[in-house]
Structure formats: structure tokens, C-alpha cells
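1. the amino acid sequence is not available; the structure is as follows:
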């Protein structure tokens with residue numbers, strides 16, 4: 001049904017092969033992620049740039065169909081993602097976790113894309129252990 005937001009379990013089943021090694025089966029909450037008190041460190045943007053070739057963004061109701069690189073190659077076709085990229089604030093660190101031996105951006109791909117566009121060589125990141133992503137039950 002158009003306009004219906006699929007569950008994470010449903011989206012996980014639809015992952016394209018390029019994302020499978022990196023996506024988490026665990027559904028995590030962005031607000032919870034942002035609330036974690038984690039140290040901020042610097043990382044080379046080049047270590048994360050490979051992710052811009054993955055189809056991680058959506059277009060309308062179609063998930064996993066836009067690569068961040070597509071926005072650069074045809075910005076007129078991806079205005080929503082272009083606007084989100086240009087509005088992204090590099091003052092906030094990228095949240096990354098280790099997946100398949102590489103640092104993978106959990107939250108901040110638009111900021112990563114913006115950093116690349118701006119020619120940034122280093123960026124701020126928070127390393128997020130996966131076990132901290134599951135919200136703790138309320139007491």
C-alpha cells in the first residue's frame with residue numbers, strides 16, 4: 001500500500017546484495033542512538049567514502065534505490081536527497097559501527113556526502129558498539 005512505512009523486518013528482507021553484509025538485523029532507534037554518551041574522534045573521510053556507492057537511500061516509496069553518488073551525477077532526479085545533503089550539519093559527528101571488518105555509517109550518510117562535496121579530509125565520528133543500540137527497558 002503506497003504511503004505505508006514498512007517494518008524494519010520487511011525492509012531487511014528487501015536489502016540489495018551490496019548492503020547485506022553491513023545492515024543490522026536489529027531495529028534500532030535514532031533517538032536512542034543520539035542519546036548515547038560516546039566519545040567523538042576524528043577519522044579519514046576516505047575510510048567511509050566507499051559507502052556512497054551503496055543504494056542506501058530511497059526515492060518516494062521505493063527503498064534502497066538511490067546511491068549517494070547518484071545525487072551528484074543527476075541532482076535534478078533526486079531533489080529530496082540533494083536538499084537533505086545540503087541541509088546536513090557537519091557539526092554533528094557521524095555514527096559508525098564495525099560491520100564486516102569496515103566502519104559503516106549508521107547515521108550520517110547525508111553528512112558524509114556533504115563532507116565529500118566540501119572536500120573535507122577528516123570528519124568527526126562516534127564509534128557505536130552494536131550492543132548499545134538496543135534500548136534498555138524502562139525500570
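-> Arrived safely. These numbers come from a predicted model, not from an experiment. Numbers count the residues shown, from 1 in each chain.
2. burial count for residue 93?
-> By other Cβ atoms under 10 Å, 20 other residues sit near residue 93. In short, each C-beta sits where N, CA and C put it, glycine included.
3. what of the one 5 residues further on?
-> Burial measure for residue 98: 12 neighbouring residues, criterion other Cβ under 10 Å.
4. now do the one 5 residues further on
-> Other residues near residue 103 come to 17 when the count uses other Cβ under 10 Å.
5. before we move on, which element is residue 116 in?
-> Assessed by DSSP states H and E, residue 116 sits inside helix 109-117.
6. list the buried residues of that helix.
-> 109, 110, 111, 112, 113, 114, 115, 116 (16 or more other Cβ atoms under 10 Å).
7. from the chain's centre, how far out does it sit?
-> 10 Å (Cα atoms, centre = their mean, to the nearest Å).
8. by how many degrees do the helix or strand following that helix and helix 109-117 diverge?
-> Remark: after helix 109-117, the chain's next helix or strand is strand 122-127, criterion DSSP H and E. When axes from the mean of the first three to the mean of the last three Cα atoms, to 10 degrees is applied, the directions of strand 122-127 and helix 109-117 differ by 160 degrees.
9. let me see the mean pLDDT of strand 122-127.
-> On average, the pLDDT along strand 122-127 is 98.
10. helices or strands up against that strand?
-> Helices and strands touching strand 122-127, as assessed by 3 or more Cβ pairs under 8 Å, 6 or more residues apart in numbering; DSSP states H and E, comprise strand 41-44, strand 94-99, helix 109-117.
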